[in-house]
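Asker: the sequence and its predicted three-dimensional model are supplied below.
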Amino acid sequence: VQLQASGGGLVQAGGSLRLSCAASGRTFSNYIMAWFRQAPGKERAFVVRIDSGGRTAYADSAKGRFTISRDNGNNTVYLQMNSLKPEDTAVYYCAAKPSGSSAYIYWGQGTLVTVSS
């Protein structure tokens, strides 16, 4: 599986962005897809995931502001980010793992989100 993330950019605080992650491979629908982020000087952190059945789990920092969705027909997962804050500034990575795997195996290249105050 190859992942290609896009949609990052510069936005003012309170604004919105939608990230996309396009995946190759025929078994996309069977994978758990997730977004992580890495802020400057910090470790990579989990943001949100969605499983093959559409069930989601969010980090506290993302609850109520971010929404993950997937389009299995187009092998794409999305991250809608609203009410962005300067502390959301980070490189955002999409990741994938087969159901039952403990670790995310496939990673995209990252897309930079910068939120200005």
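Answerer: Sure, I can see it. Numbers count the residues shown, from 1 in each chain.

Asker: not counting sequence-adjacent ones, nearest residue to the residue nearest the centre of the chain?
Answerer: Closest to where the C-alpha atoms of the chain average out (Cα atoms, centre = their mean) is residue 35, at 2.7 Å. Leaving aside its sequence neighbours, residue 35 sits nearest to residue 47 (Cβ to Cβ, 6 or more residues apart in numbering; 4.4 Å). All C-beta spots, glycine's among them, are computed from the backbone N, C-alpha and C.

Asker: just to be sure, that neighbour is in a strand?
Answerer: Yes. Residue 47 forms part of a strand when assessed by DSSP: H, G, I helix; E, B strand; the rest coil.

Asker: that older thread, please identify the helix or strand for the residue nearest to the centre of the chain.
Answerer: For residue 35, the host element (DSSP states H and E) is strand 31-38.

Asker: name the strands paired with that strand and say parallel or antiparallel.
Answerer: strand 45-50 (antiparallel), strand 90-98 (antiparallel) (DSSP bridges).

Asker: that older thread, any idea how far residue 13 is from the residue nearest to residue 35?
Answerer: 18 Å (Cβ to Cβ, to the nearest Å).

Asker: in stretch 39-48, what counts as buried?
Answerer: Judged by neighbour count using 16 or more other Cβ atoms under 10 Å, the buried positions of stretch 39-48 are 46, 47, 48.

Asker: mind exporting it as PDB, just the C-alpha atoms?
Answerer: Output in PDB follows, covering the C-alpha atoms of stretch 39-48 (Å, rounded to 0.1, in the frame of the first residue of the first chain):
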ATOM      1  CA  ALA A  39       4.700  19.400  15.700                       C
ATOM      2  CA  PRO A  40       8.100  21.100  15.700                       C
ATOM      3  CA  GLY A  41      10.200  19.700  18.400                       C
ATOM      4  CA  LYS A  42       7.700  17.100  19.400                       C
ATOM      5  CA  GLU A  43       7.200  13.400  18.800                       C
ATOM      6  CA  ARG A  44       4.600  12.100  16.400                       C
ATOM      7  CA  ALA A  45       1.200  11.800  17.900                       C
ATOM      8  CA  PHE A  46      -2.000  10.000  17.100                       C
ATOM      9  CA  VAL A  47      -4.900  12.200  15.900                       C
ATOM     10  CA  VAL A  48      -7.700   9.900  14.700                       C
END
